[in-house]
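>>> predicted model and sequence below, questions to follow.
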Amino acid sequence: MRLGSRIQKANISYAARNPAILPKHHPLVELLVQHHHEANNHVATATTISDIRERAWVISIRSTVARVQSKCFMCKRLKAKAVTPFMGQLPEGRLAFELRPFTHVGVDCFGPMHVKYGRGTVKRFGMIFTCLSFRAVHIEVLNDLSMDQCYMAVRRFLIIRVVTKFIYSDNGLNFVGTKNRLDKDVKEMEAALGEYCAKYEGILWRFIPAYSPWMGGAWERLIKSIKSSIEFTLRGVTPREDVLLNALYEAQGQINRRPLTHIPVDPEDPRPLTPNSILFGDADQNLTAPGVFSGKDQWSRLYSRRAQHLMRELTRRWYTEYLPELTRRSKWYTKTKPVEIGSIVLVIEPGEVRSAWRLGRVTNVFPGPDGVVRIADVRLSNGNILVKRSVGRLAVLDLESSDRASDGPRDVIEP
């Protein structure tokens, strides 16, 4: 059957004037569409339809081409996108208001910053330690990003903030080396002191998955504030090293004085809660002072009662004014299809072109307390390599509906 067209007088071939009528649901038709689709490099839909109509008239050709494209493995690889899972619960470190500041700490490095050295300039880097519960910061200066410099900065921090129990960071080699060296120090100390420190558990260092900066947003956002403060202070001038150190401490002071709660309009209202309110308001081990206190204690002749009442009031304000601000999900509030074991995925590499993203198969998943999978182990196709990645860096390829994969993915994906 051929189409009776109105272009019989056109100086073209008979097949073009009277194309054969083909059904939209037929294996041979899908093969024909797939041939022209691949000949046009998987992108030119209009050109694909034009090439087919030179010889055949496929009924509902646009839906047929769309159906074939949906089964094309190469198109899925070119169009696959990662879907961010539902925003989870805040970790315990963000809600530990009963513990001392800097018990839960997030660590990261930033820079470089140029300083004058003789007649030239050298690079300096900063390391930020942020209290995850009360959002206070502590800054150290590094000569470089080596493990030795990172280790000494962490040691200086621990001398000042002796209550640190948990440290969170990315997977930088300097952080991994520092963690291993701290563990070695603890073992050597236990061997030297014996039973005296047998119960000492050291510091638990936790790493976020690679290429997942949003999992370290608590310190990434404060790094932005530090950089903005330094740029405003120095205004493009290359300072001496001592001037840079002063600028960093000024930035630290400004950040620790920022309000965490609503700024009142009425002068009679209490001042907003700041990180400095917590840092300099307690002399006890725990923020929540033992005992029962009332408003009369602020007029007590015993200064210890006054201090305890003040700390009790700051703690109350933290969970009545600041804590409710953390309950809202500003994004990632829709539930998505979870990544499953055995899924074929593209591992998204920031800075790399899509064609360089590697294929892999999910071998293990790590559900959170709410049952949502946010981290998975992936075995890459080019070798027996196992990597751990956030689900936000995995683009799942839906191959269940594919009747034919043009590039033979099974031969490529199997480790």
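That came through, no problem.

>>> hey, let's count contacts and neighbours off CA atoms from now on
Will do.

>>> packing partners of the longest helix along the chain?
The single longest helix within the chain, with elements called by DSSP state H, is helix 173-193. Identification of packing neighbours for helix 173-193 by 3 or more CA pairs under 8 Å, 6 or more residues apart in numbering; DSSP states H and E yields helix 147-160.

>>> adjacent strands (with direction) for the helix or strand just after the helix it packs on?
Stepping forward along the backbone from helix 147-160, the first helix or strand reached (DSSP states H and E) is strand 166-169. Each strand that pairs with strand 166-169, with its direction, by DSSP bridges: strand 104-117 (parallel), strand 204-207 (parallel).

>>> for those strands, which one ends up most surrounded?
Taking mean count of other CA atoms under 10 Å as the contact definition, the stretch among the strands paired with strand 166-169 with the greatest mean neighbour count is strand 104-117, which reaches a mean of 19.

>>> re earlier: out of the strands paired with strand 166-169, flag the one nearest His35.
For the strands paired with strand 166-169, proximity to His35 was assessed by CA to CA; strand 204-207 is nearest, at 47.7 Å.

>>> please work out the average pLDDT along the closest one.
For strand 204-207, the per-residue pLDDT values average out at 92.

>>> show residues contacting that strand.
Surrounding strand 204-207, the residues in contact under the criterion CA atoms under 8 Å, 6 or more residues apart in numbering are Lys165, Phe166, Ile167, Tyr168, Ser169, Asp170, Asn171, Lys179.

>>> just the CA coordinates for that strand, please, in PDB.
Taking Å, rounded to 0.1, in the frame of the first residue of the first chain, the C-alpha atoms of strand 204-207 are listed here in PDB:
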ATOM      1  CA  LEU A 204      35.600   9.300  65.800                       C
ATOM      2  CA  TRP A 205      36.400  10.700  62.400                       C
ATOM      3  CA  ARG A 206      33.700  10.300  59.800                       C
ATOM      4  CA  PHE A 207      34.000  11.000  56.100                       C
END
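
>>> next SSE after that strand?
Elements were assigned by DSSP H and E; along the chain past strand 204-207, the next helix or strand is helix 217-234.

>>> if we can go back for a sec, can you say which of the contacts of strand 204-207 are buried?
Buried residues within these, counting neighbours by 16 or more other CA atoms under 10 Å: Phe166, Ile167, Tyr168, Ser169, Asp170, Lys179.

>>> is it possible to get those residues out as a markdown table so that each row also shows pLDDT?
As requested, those are exported to a markdown table (pLDDT from 0 to 100):
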| residue | pLDDT |
| --- | --- |
| Phe166 | 93 |
| Ile167 | 93 |
| Tyr168 | 94 |
| Ser169 | 94 |
| Asp170 | 92 |
| Lys179 | 91 |
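
>>> where in the protein is pLDDT low?
Judged by pLDDT under 70, the chain has its weakly predicted residues at 190, 192-201, 265-268, 281-315, 319, 383, 399-415.

>>> and the angle from the longest helix of the chain to strand 104-117?
Per axes from the mean of the first three to the mean of the last three CA atoms, to 10 degrees, the angle that helix 173-193 makes with strand 104-117 is 110 degrees.

>>> among the contacts of strand 204-207, which pair sits farthest apart?
Considering CA to CA, no two members of the contacts of strand 204-207 lie farther apart than Lys165 and Asn171, which are separated by 18.7 Å.

>>> and the longest helix of the chain, how far out from the chain's middle?
Helix 173-193 sits 27 Å away from the centroid of its parent chain (CA atoms, centre = their mean, to the nearest Å).

>>> one more: stretch 170-184?
Using CA atoms, centre = their mean, the distance between the centre of stretch 170-184 and that of its chain works out at 20 Å.

>>> quick check: phi and psi on Leu142?
For Leu142, the backbone dihedrals are phi -120, psi 140 (criterion: degrees, to the nearest 10).

>>> specify the local secondary structure of Cys75.
Three-state secondary structure (criterion: DSSP: H, G, I helix; E, B strand; the rest coil) places Cys75 in helix.

>>> neighbours around it, how many?
For Cys75, the count of nearby residues is 16 (other CA atoms under 10 Å).

>>> what sits closest to Leu22 if chain neighbours are left out?
Closest residue to Leu22 apart from its sequence neighbours, by CA to CA, 6 or more residues apart in numbering: Val58 at 4.8 Å.

>>> what of Asn364?
In space, Asn364 is closest to Asp377, 5.0 Å off (CA to CA, 6+ apart).

>>> out of the strands paired with strand 166-169, which gets nearest to Ile348?
With CA to CA, the closest approach to Ile348 among those belongs to strand 204-207: 19.2 Å.

>>> gap between that closest one and the chain center?
Strand 204-207 sits 16 Å away from the centroid of its parent chain (CA atoms, centre = their mean).

>>> those helices in this structure, which residues are they?
14-17, 27-39, 45-52, 61-71, 73-79, 147-160, 173-193, 217-234, 241-256, 275-279, 303-317, 409-413.

>>> make a markdown table from those and add distance to Leu204 to it.
Listed next are the helices of the chain as a markdown table, based on distance: least, CA to CA, whole Å:
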| stretch | distance to Leu204 |
| --- | --- |
| helix 14-17 | 73 |
| helix 27-39 | 53 |
| helix 45-52 | 55 |
| helix 61-71 | 47 |
| helix 73-79 | 39 |
| helix 147-160 | 13 |
| helix 173-193 | 9 |
| helix 217-234 | 18 |
| helix 241-256 | 25 |
| helix 275-279 | 23 |
| helix 303-317 | 26 |
| helix 409-413 | 36 |
